[in-house]
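Participant: below are the sequence and a predicted model; questions follow.
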Amino acid sequence: MAAPLPLDKRTIPVSNKNGLHKEAPAIHKMWSQPRSWTGYHLPPGQEECLAPGALDSWLARARKTLSDLCWLLRLPCHKFWSQVCNDDGLHMWLGELLEVFPREHDRDNSWHPTIQQTNYNILQKMFLVHVRLCTYKESSVDFFNPDAWGHMLYDQFLLELPKILDMCVLFSPCNKSITSKMVSNVFKYQTQYMVDLVETGLTMETALDSATEQFQVLSISPPSPSSLKSLLDLSSYSLDISITMSSLVSVFPPSSSPLHQTGLEVKLAMFYTNVVTPLLTLSHKYVTAEVLTDVEHISLVTRLSLTRHHLVTTVREILGQVCLASTLLDDKEVNMAQVVEEFLTVFTSLLSERTFLLDYNQLYSVREEFLMFEQAGAEIDNTRKHYILDAFHPTQASSFTHFLDTPGQTGGASGGGEKSKSAAKSVVNNVINGGGASAAVSRPSAVEIDSLVSTVRDLLPYLGEGFVERVLVEYMYKVDDVINALLENNLPPHLAELDQNMPREANPKVSRGPSPVQRSVYDEDEFDVLSRDRVDTSKIHRGKKDKSQDAKKLLDDKRDLYGMKDRFDKLGIVVDEVHRDGFEDNGEYDDEYDDTYDDSAVGDKEPDAGEDLGRAFVLPVALGGGKIRRQIIDANEEESDDDSDVKPNQNFVRNPEEIRQDQERRRAEKMHRGQKKG
């Protein structure tokens with residue numbers, strides 16, 4: 001039997017109305033059926049379920065959606081793909097399901113058990129439908145050519161990147177391993193999706209910029225019911241973006257490389273510092289103005305905490321795939337210097353986002369990441385390394401992990417107890433008071449506060465210093481916003497009720513700034529008391545260490561001199577005895593001695609040899625040498641020495657008789673020369 005052909009090349013025999021037989025392609029419009037697809041609606045809330053028939057109406061509609069999914073799964077392989085390729089309504093319906101279906105973080109524990117079970121069944125069938133879409137081979141009979149299947153998905157828009165992102169968010173919490181295989185299969189056989197990821201990164205950056213602009217408008221707007229809706233929408237939008245990107249890089253790690261090309265990790269860090277963290281501060285203003293209820297506030301704080309967590313993990317996944325993965329795999333083909341340079345460049349760009357960096361370092365130690373590079377043998381510029389690490393030296397009072405550990409937040413919006421309320425207030429108060437990494441704005445020093453108060457009172461001198469300071473705290477020490485609010489008489493109710501002539505407190509409590517960075521020559525070694533709780537004191541010695549316990553033993557130890565003695569013996573400068581030429585040890589003359597050249601002074605016997613060379617070198621006894629050489633002196637030499645000891649007469653004054661004779665002689669010669677001339 002011949003091997004079956006793939007579905008993209010297979011034909012199926014059919015009979016028309018006249019009974020004629022012909023061959024029809026396996027993937028064709030004739031195999032699809034016209035059908036109306038029932039859309040999905042979000043479940044009713046707890047209050048809506050109290051209305052008569054609300055729950056039954058939703059269940060009836062959801063069961064129709066579930067039956068449509070089951071019908072699609074029961075189709076044979078060629079009819080399933082014919083329906084998908086030729087039914088535009090099905091294509092739009094599947095996209096709406098992925099977009100509207102509640103994510104894991106959107107699910108409410110207060111839903112009726114029937115609603116929860118129905119949603120679970122719909123999610124399961126959606127997962128199976130998309131598993132079928134992302135698989136080119138269902139069995140040994142029903143399969144596609146991989147290249148043809150990849151082109152069909154991309155050319156007919158059966159799967160687009162927005163759908164792939166929704167698949168990652170919806171299905172990864174249920175079954176991350178299969179979801180990862182599905183997405184990897186799509187990117188493997190259609191490489192054009194990797195090119196589209198670059199455009200996706202740029203689109204995400206545009207969305208983050210748009211959200212930043214919305215926050216700027218929201219931050220200058222007074223608390224009101226209309227602005228509250230914008231606040232809740234912005235927090236939900238931020239959470240969706242963070243979870244979407246986190247799910248993508250977690251399910252399909254190779255997607256980190258094209259996203260890194262667009263600089264998305266730096267944009268996410270900026271969004272974290274400029275939007276997500278200040279939203280916590282802004283929410284406190286709405287609670288104080290009694291526009292935001294305690295239950296809504298708890299839900300808002302929970303969503304923002306999840307947003308911060310997923311933003312940090314997304315940046316970590318991108319850096320891990322781009323920089324750290326090659327280090328752990330020990331890939332010899334990777335240029336380690338280029339990887340380290342990329343890592344240093346990213347973190348240098350992130351130094352301005354201090355809030356994000358402190359929270360990142362709380363989860364993933366940057367010092368340990370540098371240690372990984374050093375263990376892999378990479379060369380790191382110590383100046384740039386310490387420049388980055390110095391950003392983490394000041395004390396960190398809190399970070400986003402304090403939000404996750406705060407009791408009473410796990411219950412979501414359904415909590416509402418006194419513990420949950422106090423927990424939410426303490427979390428946001430921690431943000432207001434400048435608590436470390438979670439602070440949106442750090443409290444200025446006393447001198448800076450005095451300067452800000454003076455700036456406001458220069459324009460509005462009738463205001464009290466205490467009142468101005470309270471308004472500055474409310475508006476995060478932004479002078480322009482404070483002056484604008486005072487001139488427009490647009491202060492929050494709790495500030496409008498205060499006395500505008502309020503004086504300042506006598507001794508205001510000013511939070512101290514971070515302690516100066518302490519550096520030491522013992523940084524990161526076994527004696528670094530700043531990073532270690534225990535130090536081995538037995539290895540510490542004060543002053544010079546006396547290595548020798550006994551001086552006599554040191555002098556008697558001649559082991560180091562043995563090698564020196566051999567060397568001096570080879571050089572011939574160690575002399576124990578001196579033999580005079582021509583004599584034996586007893587001083588008798590040797591007849592066989594050749595005295596041909598005894599009259600010629602050569603070498604050491606030259607007249608000036610003693611003056612140049614001096615005394616012959618003798619190795620001291622303490623260094624293992626012999627005695628000073630013996631010198632043999634004969635009688636003639638002794639006599640000459642005795643003669644040399646007699647001092648010659650020194651004529652300091654000439655004999656007068658000799659002087660007169662010399663003068664007579666010179667005078668006679670002079671007269672004789674004069675007579676010749678005459």
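Facilitator: Yes, it's here.
Participant: which residue is nearest the centroid of this protein?
Facilitator: For the chain, residue 366 is the residue whose C-alpha lies nearest the centre (C-alpha atoms, centre = their mean; 4.8 Å).
Participant: what's the neighbour count on residue 206?
Facilitator: The number of residues packed near residue 206 is 11, by other C-beta atoms under 10 Å. C-beta here means a position set from N, CA and C on the backbone, and glycine is covered the same way.
Participant: state the mean pLDDT of the strand or helix carrying it.
Facilitator: Here residue 206 sits within helix 192-219, counting by DSSP states H and E. Averaged across helix 192-219, pLDDT comes to 93.
Participant: got the contact list for residue 275?
Facilitator: 211, 212, 215, 234, 238 (C-beta atoms under 8 Å, 6 or more residues apart in numbering).
Participant: quick check, it in a helix?
Facilitator: Yes. Counting by DSSP: H, G, I helix; E, B strand; the rest coil, one finds residue 275 located in a helix.
Participant: separation between it and residue 559?
Facilitator: 75 Å (C-beta to C-beta, to the nearest Å).
Participant: again, but for residue 123
Facilitator: 83 Å.
Participant: same question for residue 15.
Facilitator: 109 Å.
Participant: pick out whichever of these two has more residues nearby.
Facilitator: Using other C-beta under 10 Å as the criterion, residue 15 and residue 559 rank with residue 15 on top: 9 against 6.
Participant: return the helix or strand in the chain with minimum mean pLDDT.
Facilitator: helix 400-405 (a mean of 42; mean pLDDT, DSSP states H and E).
Participant: okay, strands next: where are they in this protein?
Facilitator: 11-15, 21-25 (DSSP state E).
Participant: what about this structure, any weak spots by pLDDT?
Facilitator: The model of the chain has pLDDT under 70 over residues 1-2, 328-333, 393-442, 506-525, 529-533, 545-551, 572-652, 677-678.
Participant: next, count neighbours for the residue nearest to residue 227 when sequence neighbours are not counted.
Facilitator: Among residues not flanking residue 227 along the chain, residue 221 sits closest, at 4.6 Å (C-beta to C-beta, 6 or more residues apart in numbering). Residues contacting residue 221 under the criterion other C-beta under 10 Å number 14.
Participant: shouldn't residue 268 be in contact with residue 315?
Facilitator: Yes. With contacts counted by C-beta atoms under 8 Å, residue 268 reaches residue 315, the gap being 5.7 Å.
Participant: compare the two (neighbour count), which wins?
Facilitator: residue 268 (28 against 25).
Participant: which residue is the nearest non-sequential neighbour of the more buried one?
Facilitator: residue 311 (5.3 Å).
Participant: check contacts around that neighbour.
Facilitator: Per C-beta under 8 Å, 6+ apart, neighbours of residue 311: 242, 246, 268, 269, 271, 272, 276, 356.
Participant: for those, which one is nearest residue 287?
Facilitator: Minimum distance to residue 287 across the contacts of residue 311 is 17.8 Å, recorded for residue 276 (C-beta to C-beta).
Participant: could you pull up the residues touching the closest one?
Facilitator: 238, 304, 307, 308, 311.
Participant: what do you get if the cut-off is 6 Å, keeping everything else the same?
Facilitator: 238, 307, 308 (C-beta atoms under 6 Å, 6 or more residues apart in numbering).
Participant: just the buried ones from these?
Facilitator: 238, 307, 308 (16 or more other C-beta atoms under 10 Å).
Participant: among these, which are located in helices?
Facilitator: 238, 307, 308 (DSSP state H).
Participant: the residues you listed into TSV, with extra columns for distance to residue 26?
Facilitator: Converted to TSV, these look like this (distance: C-beta to C-beta, whole Å):
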residue	distance to residue 26
238	46
307	47
308	50
